[in-house]
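A.B. asks: show me how the following folds:
(one chain, ligands or ions: 1)
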Amino acid sequence: MVDEMVKVLVVYDTKYGNTKLVAEKIVEGISEVEGVETAISDVEEVNLEKVADYDAIWIGSPSHIGISARSIRKFIDKLGKLDLKAKWVAVFDTNFGGPNFEKAVKKMEKRIGEKVPRLKLMISGLSIKVGGMKGPIVEGELPKCKDFGRKIATQLKT
Ligand SMILES: Cc1cc2nc3c(=O)[nH]c(=O)nc-3n(C[C@H](O)[C@H](O)[C@H](O)COP(=O)(O)O)c2cc1C
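C.D. replies: Down below sits the predicted model:
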């Protein structure tokens, strides 16, 4: 049984492409871990019937006025109504930072705790900085995404 594949689904929303890039880098990190299989999907295209087949679900969003995008909030709410096999969840966001800008990850974690209590957080959410509303991702941030993917995929296997 130890050889069985662990299946991870990475779902993201993106307005300008930055969060998509973060999701892709996370998947790159995951794919370095043997025995872990991934699928990646834009939240608008996610197949809800298939979501129940995964062992872990990772969710990413741009920070919009301190919370996740509406599509991501709706997705989290829908997860709460599914008969999920998954036990594990992790979140990530992109954010502009700065004194008046809140990050979305904490709110996402809170919402998951309220709406999908069966999912346990694997790790504290990853926040990635962008240089402006439309990006680009700040230098030095992308390697963190790959590390994050590799780290939690390894955690899933042990
Ligand atoms: C309507 C709107 C609200 C935003 N609010 C925040 C915010 O509260 N905190 C923050 O750090 N960044 C904020 N930003 C900047 C976004 O985080 C940034 O556009 C996003 O990370 C880019 O990711 P994307 O390319 O995946 O859309 C906001 C951007 C938009 C368009």
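A.B. asks: pull up the residues of this protein that are close to the ligand.
C.D. replies: Within the chain, the residues that sit near the ligand (C-beta under 6 Å from any ligand atom) are 14-19, 62-66, 94-97, 101-103, 130, 133, 135. (C-beta placed from N, C-alpha, C; glycine too.)
A.B. asks: and the residue nearest to Lys115 when sequence neighbours are not counted, what pLDDT?
C.D. replies: Nearest residue to Lys115 in three dimensions, chain neighbours excluded: Gly80, at 3.9 Å (C-beta to C-beta, 6 or more residues apart in numbering). Reading off the confidence values, Gly80 has pLDDT 97.
A.B. asks: how about the one 3 residues further on?
C.D. replies: Asp83 is assigned a pLDDT of 95 by the prediction.
A.B. asks: on that earlier part again, list buried residues within the residues of the chain next to the ligand.
C.D. replies: With burial judged by 16 or more other C-beta atoms under 10 Å, the buried subset of these is 14, 18-19, 62-64, 94-97, 103, 130, 135.
A.B. asks: in helices only, show me those residues.
C.D. replies: Secondary structure of these is defined by DSSP state H; positions in helices are 18-19.
A.B. asks: lowest-confidence member of the buried ones among the residues of the chain next to the ligand, which is it?
C.D. replies: Taken together, these show their lowest pLDDT at Gly97, with 85.
A.B. asks: who's in contact with that residue?
C.D. replies: Taking C-beta atoms under 8 Å, 6 or more residues apart in numbering as the criterion, Gly97 is in contact with 103, 129.
A.B. asks: at 10 Å what do you get?
C.D. replies: Neighbouring residues of Gly97 by C-beta atoms under 10 Å, 6 or more residues apart in numbering: 63, 103, 127-131, 138.
A.B. asks: check which helices and strands the lowest-mean-pLDDT helix or strand in the chain sits against.
C.D. replies: Taking all helices and strands of the chain together, the one with the lowest average confidence (mean pLDDT, DSSP states H and E) is helix 48-51, at a mean of 93. The criterion is 3 or more C-beta pairs under 10 Å, 6 or more residues apart in numbering; DSSP states H and E, and the helices and strands that helix 48-51 contacts are strand 6-12, strand 36-42, helix 70-79.
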